[in-house]
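J.: Following is a predicted model, sequence given first.
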Amino acid sequence: MLSVFIASAAPSAWAATSNPTSPTNIFAPDSTPAHSIFRLSLFEFEILGAIFIVVFSLLAYAVIRFRERKQESESEPPQIYGSNQMELAWTVLPVLIVVVLFLSAAQVIHRVQDAREPEGTIEVTAVAHQFWWEYRYPQLGFITSNELHVPVSDPTRPTPTFIHLLSADVDHSFWVPRLAGKTDLIPNHPNNMWIDPHETGLFLGQCAQYCGTQHAKMLLRVYVETREDFDRWVHSQQQQASANPAAAVGSALFVSKACFVCHTIRGTMAAGQAGPDLTHLMSRDTLGSGAVPNTPENLRQWVHNPDTFKPGTLMPASDLTEEELKQIVDYLVTLN
């Protein structure tokens with residue numbers, strides 16, 4: 001179910017963007033669903049503002065017009081018992097207002113939730129885990145994690161991205177304010193949403209449903225790219241992990257220390273499903289679903305003890321020696 005409300009997201013404080021507009025500003029929509037929600041919110045604000053002005057004006061008029069005067073303090077004011085006109089007005093007008101608000105909201109919900117998939121649609125399956133995001137591109141044949149890449153949509157010939165939403169454990173919620181409304185991911189209940197960004201850039205969001213200890217650090221990063229840049233990214237993601245002779249020891253340790261039980265690295269025997277796909281780990285800007293920048297030092301600390309950055313994360317701390325830790329990290333930084 002699509003939920004529309006006004007709130008502030010909690011993106012990573014260090015995230016940089018060249019766009020002067022806040023990357024989570026709901027008043028700067030950049031996708032058709034977000035535009036529809038924005039226009040609906042303005043329409044509702046106008047109606048509520050008009051109601052406020054009318055009610056406040058009548059209240060002010062009553063306070064001033066019928067205030068007690070000294071010469072009237074000992075006399076009883078005229079007594080009025082009921083008014084059919086007033087009762088009809090305060091019954092019919094609220095009903096009409098509610099009907100208008102209902103119909104306008106229903107129209108937007110229908111337009112967003114029942115949109116058809118045109119030719120050229122990109123399909124992505126987003127699977128929410130505690131506390132990271134898995135992105136499957138079934139048309140393109142690869143899986144990535146935590147950073148969603150989509151092509152920009154030309155308004156004259158829209159090429160939207162339809163996102164199928166699944167949860168691997170508990171309730172989550174996918175919300176990128178400038179691209180679409182908040183949409184829940186519920187176990188055993190597939191959900192759907194779509195976006196068609198009108199300009200390139202980085203758009204930030206947040207899991208908007210409390211899902212556990214690290215809910216606040218289950219961040220969303222959507223990279224909107226030109227079609228050419230998106231195609232280049234897709235081509236690189238479709239490649240298997242390239243063998244690096246200099247990191248052969250680290251690659252062997254990755255297997256012998258059972259890292260492959262949880263993680264996949266295509267082109268190797270690592271085929272775990274519990275954790276993120278690491279095939280192109282170093283092509284990502286962040287670690288831990290946006291928790292920290294993806295640097296070799298942060299990666300080393302993450303492998304050694306991820307609780308340093310995300311206390312309560314399901315990835316256990318390693319029992320590696322300093323030399324083993326260095327060799328595994330040296331291997332991981334080759335996964336571009």
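T.: Looks like it arrived, so ask away.

J.: next one: phi and psi at the residue nearest in space to the middle of the chain?
T.: Closest to where the C-alpha atoms of the chain average out (C-alpha atoms, centre = their mean) is W175, at 2.7 Å. W175 adopts backbone torsions of phi -150, psi 110, taken as degrees, to the nearest 10.

J.: Touching, it and Q206? I think so.
T.: Yes: using C-beta atoms under 8 Å, W175 is in contact with Q206, at 5.9 Å. To be clear about C-beta, it is placed using only N, CA and C from the backbone, and glycine gets the same treatment.

J.: and R232, that's in a strand?
T.: No: under DSSP: H, G, I helix; E, B strand; the rest coil, R232 falls outside any strand and is assigned helix.

J.: List the residues that contact it.
T.: Shown in contact with R232 (C-beta atoms under 8 Å, 6 or more residues apart in numbering): no residues.

J.: what about it, distance to R266?
T.: 18 Å (C-beta to C-beta, to the nearest Å).

J.: the domain parsing of the chain - what is it?
T.: 32-68+82-113, 116-238, 245-332 (automatic domain parsing).

J.: Let's have these in a markdown table, adding distance to P23.
T.: Listed next are the domains of the chain as a markdown table, based on distance: least, C-beta to C-beta, whole Å:
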| stretch | distance to P23 |
| --- | --- |
| domain 32-68+82-113 | 13 |
| domain 116-238 | 4 |
| domain 245-332 | 12 |
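
J.: With distance to I26 and mean pLDDT as new columns, can these be given to me in a markdown table?
T.: A markdown table is the format used below for these (distance: least, C-beta to C-beta, whole Å; pLDDT from 0 to 100):
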| stretch | distance to I26 | mean pLDDT |
| --- | --- | --- |
| domain 32-68+82-113 | 7 | 92 |
| domain 116-238 | 4 | 94 |
| domain 245-332 | 19 | 90 |
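
J.: among those, which is the most enclosed?
T.: domain 116-238 (a mean of 19; mean count of other C-beta atoms under 10 Å).

J.: Compute the first-to-last residue distance for it.
T.: End-to-end distance of domain 116-238 (C-alpha to C-alpha, to the nearest Å): 28 Å.

J.: starting at the chain centroid, how far to it?
T.: Centroid separation for domain 116-238 versus its chain: 8 Å, with C-alpha atoms, centre = their mean, to the nearest Å.

J.: Could you do stretch 290-308 as well?
T.: Worked out by C-alpha atoms, centre = their mean, stretch 290-308 lies 23 Å from the chain centre.

J.: how long is that stretch end to end?
T.: Where stretch 290-308 begins and where it ends lie 14 Å apart, using C-alpha to C-alpha.

J.: Residues contacting it, please?
T.: 11-12, 14-15, 146, 204, 217, 219-221, 281-282, 284-288, 309-310, 313, 315, 317-318, 320, 325-326, 328-329, 332-333.

J.: quick one: which of the domains of the chain is nearest E76?
T.: Across the domains of the chain, E76 has its closest neighbour in domain 32-68+82-113 (11.8 Å, C-beta to C-beta).

J.: and that closest one, how far out from the chain's middle?
T.: For domain 32-68+82-113, the distance to the chain centre is 30 Å (C-alpha atoms, centre = their mean).
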